[in-house]
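> I would like the atomic coordinates for the input below:
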Amino acid sequence: MTFGLTGTMVTGDYITNASYVSPGKDEIKHSYKHAIHTMVSNADGPKGLQPVPKVEAIRGVTEGLLLNFRNDM
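Coordinates of the predicted model:
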C-alpha cells in the first residue's frame, strides 16, 4: 500500500440517459458517457487535459451532456 505517495488517478464515470417527446412525433432517446479524473498526490492526468477545480469539472460535464443531447435532437 502506497498511501498515495506514488500518485493515483481516480476516474468517476457518468452516464446520462435523456429523452424528449414532441407532440405528434416519436420519442427521442440517447445515452451519453462522460468522466471526471481526480489526481491523488503527484499523479499525472490524462494527456491533453488541463487541471480544473471540481466545480468547473462538474459544470463542464453537465454542459457537455446537455449540448450533445440538444445537437442530437
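> so what secondary structure elements neighbour the strand or helix carrying Met9?
In the assignment (DSSP states H and E), Met9 maps to strand 8-20. Using 3 or more Cβ pairs under 8 Å, 6 or more residues apart in numbering; DSSP states H and E as the contact test, the elements touching strand 8-20 are strand 28-40, helix 54-72. (C-beta placed from N, C-alpha, C; glycine too.)
> Out of these, flag the one nearest Thr6.
Nearest to Thr6 among the helices and strands packed on strand 8-20 is strand 28-40 (9.8 Å), distances taken as Cβ to Cβ.
> one step back: same question for the strand holding Met9, mean pLDDT?
Mean pLDDT, strand 8-20: 90.
> if we can go back for a sec, as CSV, the helices and strands packed on strand 8-20 with mean neighbour count, mean pLDDT and distance to Tyr14 would be great.
Converted to CSV, the helices and strands packed on strand 8-20 look like this (neighbours: other Cβ atoms under 10 Å; pLDDT from 0 to 100; distance: least, Cβ to Cβ, whole Å):
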stretch, mean neighbour count, mean pLDDT, distance to Tyr14
strand 28-40, 14, 91, 5
helix 54-72, 13, 92, 6
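> who wins for proximity to Asn17 among the ones you listed?
Going by Cβ to Cβ, the one of the helices and strands packed on strand 8-20 nearest Asn17 is strand 28-40, 5.0 Å.
> one step back: quick one: the strand holding Met9 to chain centroid distance?
5 Å (Cα atoms, centre = their mean, to the nearest Å).
> so Ala35 sits right up against Tyr14, yeah?
Yes - using Cβ atoms under 8 Å, Ala35 is in contact with Tyr14, at 6.7 Å.
> any shared contact partners between those two?
The contact sets of Ala35 and Tyr14 overlap at Val61 (Cβ atoms under 8 Å, 6 or more residues apart in numbering).
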